[in-house]
Structures are given as structure tokens and as C-alpha cells.
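> Provide a 3D model corresponding to the input given below.
(chains A and B)
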Amino acid sequence: MTTTLEHTQQAATEGGGLARKQNFVTALIGGVVFAWLAWFLAHHFLDASSRNYSDLVTTALTFGWMFGFWLGIGALNGPARWLIGADHTRADDLYYAGENQGRARYWKYCTDHKVVGVQYIVMTAVLLGAGGILAMAIRTELIVPGNHFVNQQVYNGFVAVHGMLMILALIVAVAGPWANFVVPIMCGARDMAFPRLNALSLWTLVSAAGLLLSVLAVGSLTMGWVVLAPIADQAGVGMDFFAMAIIVFTVSTTVAGINTICTVMTMRTKGMTLARLPIFVWASMIAAALGLYAFPFFSLVEAQTLLDRTVSTSFFVADGGGTGWLQANLFWLMGHPEVYVILLPAVGALFEIASVMSRKPVFSYRTAIAGMTGLAGLSILVWAHHMFTTGWAPTLGGPFMLTTELISIPTGLFFLVIIGTIWRGNIWMKLPTVWLFGFIFNFIIAGITGIYLSDIPIDNQFHGTVFVTAHFHYVFVGSVLFGALAALCFWYPKVTGRFLDETMGRISFWLVFLGVQVTFLSMFVAGFKGMPRRYSSYSMIFEHANFVSTMGAYMIMSGMLVLLGAVVRSWNHGVPSGPNPWQANSLEWLVPTPPPLENFDVLPVITEDPYNYQEELVRA
Amino acid sequence: MAMTPKKEKLTGMYISIFLLTVLGVVIGVYGPAHLMPRSMSDNMHLSILTIVVFSVAAAPVAAGVYAVCLHALRHWVHRGDSVPAPAASQTREHPLAVTSWVLASTALTVFLLIWGLGALSVDNGGIGRNPLVVDVTGQQWLWTFSYPGTNVQSPTLVLPEGRTVVFHIKALDVTHGFWIANMGVQVDANVGTITEIHTTPTALGTFDVRCTQFCGLNHAFMVTTGNVVSKQQFSQWLASQSMKA
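Numbers count the residues shown, from 1 in each chain, chains lettered A, B, ... in the order given. Here you go, the predicted model:
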């Protein structure tokens, strides 16, 4: 204890006093000040009569916001000190890891992977909450035909921003909290391979989310979350905010992905061979690798869009020889792998949960890895199924139909692994298990409706209808969110030392589970009947389905609010869980709760994989 | 692994697989056909048939997974606050199960693929002699249909029964989605490019044309109706519209 105190005192006297006061508030101040400064300069020096004027000024403003935010949070301190030859000392590193700073470190540029994990939980909750409020507004508008809860323009904006927020929320929902909090401990590492980059990935995400949330305030973006040309050309400055937010977001995911892969590849403790890694580590690593492939397309397409808007290039402008199809291709080259970047960590967590809760090893570990790798590999070859009805390259329909339908083979392996794991297990019915069963139920529906859509003759009927919306909500809400909530319930005791309230958790499960069925099954009905997506109003034939769907949406929202209540309440008042409430064998459960800074006093030596529950019986 | 678990009877599970499969097949056969718009073309017939076939093929898979879960929830769960004992069976690998699962899912996928590619080639099948050509123009937020060779321009789409129609589709401002909800055909209307689809109306009556690509403020109202009439009525209609124009 004395040594750590010495560290802090020594460090405090070493200067950098200002740098140590930096937190979320200084970041916001920095962001706003520099945004204003950039806006002022651009406004002053640019020709206001130019047709790109407003986009240029807005882009300058967003650059200012980003730079100011990063400066304010302290993201640039490390590189700056390295540049002037005064790199961080050990004391500085411990300071940035949040040593002895209590709860204040959660508001800071903290390099401790466990702090970053918790920050990601909060970030996910904020994004899900904001997206969820918009979802409720959308469903309320659609409760009866011709409703005027919000006006059409506002409604269209809500649809677009809801989509973007939820996609971002789900990309980070499992990988953010848990690939940060538990993966390094699972590997037997003291932290991530690049702790500062880890903090960078979190705070770049926060700065991007700030831009994304401001889209609604700067005249919104009413073009659907994909915002493809030529309709995107009609967008206001909200488009510039969105494009910049995405570019920065991809920086965040790239940095996080590299960090995860490097941690797993280089930081494993002695004896932790690849074949002994917990399956969740594999899932995180495969998802991270897939993200490294996919997200550069996203920043590319948004950078080109920005260039089209600010300096009049014509990548996607038909008048200048460009084409919206180029943009659509680039977008979906990202868009489909992204679905599995979202899905894989959730599935990996569920494998882990199925094993621990059934008191049985993961069934056919190699099949699980093969399934995940196969899915990741195939996913980069299927993008054009999003474009079956665009008229782009009809002759490629057959080949893309083939690759898309092959996806059902690795996906089927996930079911095999989960079913094989719970088969004749002693399944402990606690919150994580409940969400696991909910996931299985929903993922079957998601999968089967996905097979319909992969078939071109059927897609010619369903494309662009709410059938598609219902399908991907079964994927994202029914499957990914359920996996994320299972993971939350499972690892919550490790973060807080307390169980998530079982009763409130069960209530929220039933509300969300039944709500999902009511909302999205009736959306399938509307889709079968032929209701197109992104409709702000509809004819009488879709009346009942939409009313029921809205009721279901309210159920989901109430369930999520109950869950939020449980998370907040149990954080300080839950039933104490001890360090290893599920009697699991992977390393994160064998360290104290909460895990100390740098996790291990002595790095453990691993002799077998964590799925040997028989041994544990002998030990006990 | 000294102790061999006593094999429990799984009869109940097999019965649920059977019952759930039957349920799935019934839903698959009657559900979509009951809910979907009235079929008015061979493409729509094929779409509905394909949905039915896929549903029937998927029913046993879904039934199997659901039945195992139901069985697990009835027989294999442990309630309470204490950690359950390790499961009697600690199976890590079962090559026969994995191999048969992979073979079965591959066989099913190959079947769906062959069916799908077959259906696709029927969908794209020959246009035949003497098709009717209709030029479709989408703009924010209305559709215009013109009939080349005549001076007819119409906000509603009138088609003759039993004659193949080729649509040449373009957009003036942003991308729209041209979709005849009763005929199972859709393609985007793009700026600067002409896309083409064809279908053969097989039933008389009215149908809806809806926009399926988000196209701005009034996307939800970019709807028009159409009418399939007999060949004779169609000629009369063209002539009368021609006179007006």
C-alpha cells in the first residue's frame, strides 16, 4: 500500500497537474470549444456563396469537436509526451490505470481494461436507451393509420437515427463490455496488449456517439440508416455529422479489434494454448478479425460521401459519372459481415453460459470454432443479397444466392453446439440460462426467415417490406440482445460482486421475450400482407398487425426498464455472490471480485481447458 | 468417466418433434398463402409455392430444436440457489452426431439451393413473342406508366391478362422501388439507368403498386393501383386513352 501511495505522490509532484484533472467534463468543454473555433474559422474564411459552404463548415465543426474532445479527455497526452521524449513512467501508467481513484476513474481516460469494460456497459445502455426511445416513438406513430404523433419529417429522422444508434449499440453490446472486462483475464493477462489504445477506442466511441446523437438536433437525417445516394444528396448537414461519426466509430472498432487480437495472440499465460482458450475468447477474436475486414469499407464509403459533399467529387453522383451502386456495394461489403461482428460475441458468450450452467463441457469445441470461422469467412462473400432487387448485376443473383444459403450450414452448427452442450446436462435455471433458452427460440425464427429472404423469387416479393424489418429484428433483438443480456446476467456478479436481482430479472425476461414475439410476429404478418418498410403511415389492411406490434413494443420497453432498474439496484444492494457464483473454471472466476488492478498477483499456469467439471467435483 | 449414465427414455421428445413438425407444416402451408396478397401472376404463384416448400423443409429442424429445449426444460433443469452437481454425461465430442448434423444440414441446403436456382430460372424465363412493353417512371412521389407506340400516359397501371409484360423502369430524382404487390416482382427505379423485369398477369382484378425504396418525405404515399383486364378491354382502354391525349 505504501508503495502505491508513493507512486501517486511522486507522480503528482512530477508535473502534468493539469493532465490529471482531465475527465469527461473537460472533454465536453474541449469538444464544444474546438467545434466552435473550427466553425468560426471555416465561417470566416470560406466563401459563403459556394454550394458546398454549409457542408464544409459542418465538416470543420465536426473535426473541431473530435479534436477538442480527444484533447479534453487526455487521449493525446501519451503520444504528445512520447513525441517530446518524456514518455510515461511506471507511476504515470499506474495513474492512467486508475490506481486509487475510486469511482472518479470511470469518468476518465482510464487504461484499466475492467474500467473500460464498465464504461462500455454504460455506453451500450445509453445507446440502447436513446435508440429505444426512438423505437417507441416510431411504434407510437404507427399505432393507427394516419396518426400524427410526430410529423412525417421527424418520423423519417427517427427511423434513420434509431437504426444507426441500435447498430452501434449492438456492435459494442457484447464485445465492448466483455471482450474488455473478461477476455484479458480469461487469457491470464494483466491487461490488454495496448491499454492506452483500449481507452482510446472507448472515448472515440463516446465522441462519435455525441455526433450521432446531435444529428437529431441539426435538422436530422431522414434517409434511412443506410443513407445511400442519390437520396443522400438531398440530406442536410445531419449527413455530415453522420459520416464523420461513422468514420470515427470505425477508428474505434479498428483500434479495439487490433487490441483484442493482439491480447489473445501475445498475452496468454503459460500453458494457455489456443486449444485451451475459453470459447468466448475465440468468438471475440474471430469477430474482431471480421470487424477489421468489414469496417474500413464503412469509413471509406462515408469518407467518399463527405468528399462528394464538401469538395464536389462525384463518386456516387450520377451527373458526374458516379453511381449509387458503387456506394451500395461498398456499404454492404461492410453491412453483412457487420451482422456477424455483432452476432459472434453473443453466440460465444452463450456457448460459455450453456457449458457452465449445464455443468458440462462445450459440446464439440472444434465444431464451435469451425462454425464461427466458417460464418465469418462466408459472410464476406454474400453482400450483394442486399441488392437483389436494385437491378445491379442480375446475372450475379444465382451466385450470391448460393453463398447466402451456404450460411445456414455454419449457423446450424451453433444450434448443434448449444443443443449438444445442454443435452443431458444439469441445467441450472438462473437468469443467464433463461435468456439462453429465449435466444434459441428466437434464433430459429431469425434463421428460417433469413432463408426465405436469401431466395430471389421470395425476395422479389419481400424485399423492402417490413418482413425484412421483422427478420433482422429477430436477429438483433431476439438473438443478439438476448445473448448480450445473458452475458450481462452471467458476468454481472464478477463486475459488482452481487447477483442481478433474480425476480426483477425474470419479470424483465418475460416482458421482453413475449414482447419480441408480439411485436415482430405481427410485423411478419404485416410483411406477408405487403407493407413496405419505413412507412410513416399505411392503409387500413395493415391496421391490426401494426396495433398489435406497437403493444408488443411497449412490452419490450417495460421489460428493458425493469432490467435497467435491476441493474442499478443490484449494483449496490444485490445478493452478494462471492468471486465464483457459478462455480466455473475459467480464469476470470478464479481471481477475486472485483478483480484487482492487473488481475493476478502471480500469473497462473494452465494445464487443461476450463470445461472439466468432473475434476471440480473431486476437488470439492 | 467410469459411470455410464442410465439411458433415459426420449419417447416424449420424439412425440413432440413429430407434433411440432406437423404444426410447422400446417403453419407453413396455410399461413403465408392465407396472409399474402391475392396471387395475380405466375411469379407470385412461384414465390408463394417456394415459401411453402421452404417452410415445410424447415419445419423438422425447428421442431427438433424446440423439442429438445422443451425436453430439457422438463427433465434436465435444476432449480434452486445451489450449484448443481456436474452432469453425469460429460460428452465432449460425438463424431457421429456432428457428421450426421453436417450432412443433414448440407443436404437440406443443397435442396433449397436447387429449388431456388430452378425457381429463379423460371422467374427469369423467356419473354416469349410479342410482349407488351410498359415504361415506368418513378419520381418523388408518384408513378407514371406509358405505353410505347402509343401516346398514352397513365398514373395507374392497366395490363392485359395472359400477355407477358416487360417493364422498363427509370427514376427522375432518387431511387424508388417498383413493386407490384400481387405479382411477386420488384426492381429499383434508378436515376440514369433503365432496369427491366417481366411478368405475366394470370388473373383479372385490381392490384397495388408500392414504392419499396425509401424516397423521402412522402415515401409512404407513393402508392398507385392497377387493373388487369381482358385483352379486348385493354385494347379499348388504350384507344380511349389515346383519344383523350
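> residues contacting residue 231?
Picked chain A for this. When the contact criterion is Cβ atoms under 8 Å, 6 or more residues apart in numbering or on different chains, the partners of A:I231 are A:M223, A:G224, B:V174, B:T175, B:F214, B:C215, B:G216. C-beta: built from backbone N, CA, C; applies to glycine.
> not what I meant, chain B
Applying Cβ under 8 Å, 6+ apart, the residues contacting B:K231 are B:P160, B:E161, B:G162, B:R163.
> thinking the second one is in contact with B:V228, fair?
What that stands for is B:E161. Yes: the pair formed by B:E161 and B:V228 meets the contact definition of Cβ atoms under 8 Å, at 5.3 Å.
> what sits in contact with each of these two?
Between them, B:E161 and B:V228 share the contacting residues B:P201, B:A203, B:L204, judged by Cβ under 8 Å, 6+ apart.
> distance of the last one from chain A?
B:L204 is 19 Å from chain A, where distance means Cβ to the nearest Cβ, to the nearest Å.
> pLDDT score assigned to that residue?
Per-residue pLDDT puts B:L204 at 96.
> follow-up on the earlier one: narrow the shared contacts of B:E161 and B:V228 to those in strands?
Of these, none are assigned to strands by DSSP state E.
> could I have stretch A:283-302 exported to PDB, CA atoms only?
Output in PDB follows, covering the C-alpha atoms of stretch A:283-302 (Å, rounded to 0.1, in the frame of the first residue of the first chain):
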ATOM      1  CA  ALA A 283     -15.600 -15.700 -30.600                       C
ATOM      2  CA  SER A 284     -14.300 -12.300 -29.600                       C
ATOM      3  CA  MET A 285     -11.200 -12.800 -31.700                       C
ATOM      4  CA  ILE A 286     -13.000 -14.000 -34.800                       C
ATOM      5  CA  ALA A 287     -15.500 -11.100 -34.500                       C
ATOM      6  CA  ALA A 288     -12.600  -8.700 -34.100                       C
ATOM      7  CA  ALA A 289     -10.800 -10.000 -37.100                       C
ATOM      8  CA  LEU A 290     -14.000  -9.800 -39.200                       C
ATOM      9  CA  GLY A 291     -14.500  -6.300 -38.000                       C
ATOM     10  CA  LEU A 292     -11.000  -5.400 -39.200                       C
ATOM     11  CA  TYR A 293     -12.100  -6.600 -42.600                       C
ATOM     12  CA  ALA A 294     -15.600  -5.000 -42.600                       C
ATOM     13  CA  PHE A 295     -15.400  -1.600 -41.000                       C
ATOM     14  CA  PRO A 296     -12.800   0.100 -43.300                       C
ATOM     15  CA  PHE A 297     -15.500  -0.200 -46.100                       C
ATOM     16  CA  PHE A 298     -17.800   1.800 -43.800                       C
ATOM     17  CA  SER A 299     -15.300   4.600 -43.300                       C
ATOM     18  CA  LEU A 300     -14.400   4.500 -47.000                       C
ATOM     19  CA  VAL A 301     -17.900   4.900 -48.100                       C
ATOM     20  CA  GLU A 302     -18.600   7.700 -45.600                       C
END
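> quick one: average confidence on that stretch?
Per-region confidence: stretch A:283-302 scores 96 on mean pLDDT.
> same question for stretch A:382-399.
Confidence over stretch A:382-399 (mean pLDDT, whole number) is 92.
> how about the contacts made by the residue nearest to A:F363 when sequence neighbours are not counted?
By the measure of Cβ to Cβ, 6 or more residues apart in numbering or on different chains, the closest residue to A:F363 outside its immediate chain neighbours is A:G420, 2.9 Å from it. Contact criterion Cβ under 8 Å, 6+ apart gives A:F363, A:S364, B:T91, B:H94, B:A97 as the residues in contact with A:G420.
> so which bits of stretch B:209-221 are buried?
Residues of stretch B:209-221 classed as buried under the neighbour-count rule (16 or more other Cβ atoms under 10 Å in any protein chain shown) are B:V209, B:R210, B:C211, B:T212, B:Q213, B:F214, B:C215, B:G216, B:L217, B:N218, B:H219, B:A220.
> right, I mislabeled it, should have said stretch A:94-106
Of the residues in stretch A:94-106, those buried under the neighbour-count criterion (16+ other Cβ under 10 Å) are A:L94, A:Y95, A:Y96, A:A97, A:G98, A:E99, A:Q101, A:R105, A:Y106.
> I'd like the distance from that stretch to the chain centre, please.
Shown here is stretch A:94-106, whose average C-alpha point lies 25 Å from the average C-alpha point of the whole chain (Cα atoms, centre = their mean, to the nearest Å).
> thanks a lot, catch you later.
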